[in-house]
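Chemist: Sequence below, structure please.
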Amino acid sequence: MMKSGTIIFFAALLFFRYAAGQTSEVSSSKSAETDSVMRLVQLCDPQLGFGEDGLEADIARLEKAVQQINALKPDVVIVAGDMVNDIGDEPSIAIFLQAIARLEAPVLLTAGNHDLPDPVTAEGLQRYRSFFGNDFRTMTCKGRLIVSANSQLWREAPAEERERHDRLLRDALQRAKENGQPVILLTHVPPFISSADEADEYFNLPKAMRADLLREAEEGGVTVWLAGHTHRTARRNHHRIAILNGETTGRNFDRHPAGFRLLTLYPGHRPFDWDFHALN
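Modeler: Alright, predicted model coming up:
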């Protein structure tokens, strides 16, 4: 029998090869216009091992989600962090990677608080990257830039890692602004729950940097900010930015059914659709 480390190596290799090939298919030139409809699936907190009815049920729901997502044929799928409940659970990581590799659309992940140690360490970041790839990534799709940022670095984390990450984010937003690209920002933790000036808590970003992040996002052309973490469905706005937390495929604290969201973005200034798809 193969050891868990060997299993996860091959699962990660499968996912990385899959993701690399898929990402190149949706990349487009800097001059691409947002003149077509874009359909994006927002899959929040699979968090294998956290569901109330056990790990096997979590896996079954994730596999069901993969099947339903493939039937929808979206342009891209984002996973809003917390891939597993315990980053030390290598068999669950391998199962997650194998399931996600079966998605037929390009996939973009973001790091969750259960995917990294708290506080974040250099060793924890290297471990995450060995499983899931870079914790800062960008993808261009239908003329829009999707940016996956690591919100765990905006909590307690090595300063040099945070500074490197934030330079990448600023550079990506600046390039998008110069190219006239709308931006979709993906993080695990949302900037706030109800109000931009609310007090710090477990489910939001620290107030000390929240205002600067929101300002940089707005100036950089972010129109939609997708997040997970809360296990509650929420839709609110900060000026021109729509902040969206969808249902999870596991445990939802607001008792919403398990499922995912399909975000449909239209050309011009038409309102977007954000439709819920229950697992069936």
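Chemist: mind listing what's buried in stretch 73-90?
Modeler: 74-85, 87, 89-90 (16 or more other Cβ atoms under 10 Å). (Each C-beta comes from the backbone N, C-alpha and C, glycine too.)
Chemist: ranges for the helices of the chain?
Modeler: Remark: helices assigned in the chain by DSSP state H are 4-26, 55-72, 90-100, 122-132, 159-179, 207-219.
Chemist: Pick the one among the buried residues of stretch 73-90 closest to residue 269.
Modeler: Closest approach between those and residue 269, by Cβ to Cβ: residue 75, at 19.9 Å.
Chemist: ok, the closest one to residue 142 distance?
Modeler: Remark: distance between residue 75 and residue 142 (Cβ to Cβ, to the nearest Å) = 6 Å.
Chemist: likewise residue 130?
Modeler: 31 Å.
Chemist: okay, these two: which has more neighbours?
Modeler: Neighbour count, other Cβ atoms under 10 Å: between residue 130 and residue 142, residue 142 has more, with 21 against 11.
Chemist: wait, that one sits on residue 36?
Modeler: Yes - counting by Cβ atoms under 8 Å, residue 142 does reach residue 36; the two are 5.3 Å apart.
Chemist: Could I get the helices of the chain in JSON lines, plus columns for mean pLDDT and distance to residue 185?
Modeler: Putting the helices of the chain into JSON lines (pLDDT from 0 to 100; distance: least, Cβ to Cβ, whole Å) gives the following:
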{"stretch": "helix 4-26", "mean pLDDT": "48", "distance to residue 185": "17"}
{"stretch": "helix 55-72", "mean pLDDT": "98", "distance to residue 185": "21"}
{"stretch": "helix 90-100", "mean pLDDT": "97", "distance to residue 185": "21"}
{"stretch": "helix 122-132", "mean pLDDT": "97", "distance to residue 185": "18"}
{"stretch": "helix 159-179", "mean pLDDT": "97", "distance to residue 185": "9"}
{"stretch": "helix 207-219", "mean pLDDT": "97", "distance to residue 185": "6"}
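Chemist: Most tightly packed of the ones you listed?
Modeler: Of all the helices of the chain, helix 90-100 has the most neighbours on average by mean count of other Cβ atoms under 10 Å, namely a mean of 22.
Chemist: Which elements pack onto that one?
Modeler: If contacts are counted by 3 or more Cβ pairs under 8 Å, 6 or more residues apart in numbering; DSSP states H and E, helix 90-100 sits against helix 4-26, helix 55-72, helix 122-132.
Chemist: still on that earlier bit, could the helices of the chain go into JSON lines alongside distance to residue 255?
Modeler: Converted to JSON lines, those look like this (distance: least, Cβ to Cβ, whole Å):
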{"stretch": "helix 4-26", "distance to residue 255": "32"}
{"stretch": "helix 55-72", "distance to residue 255": "15"}
{"stretch": "helix 90-100", "distance to residue 255": "24"}
{"stretch": "helix 122-132", "distance to residue 255": "29"}
{"stretch": "helix 159-179", "distance to residue 255": "35"}
{"stretch": "helix 207-219", "distance to residue 255": "28"}
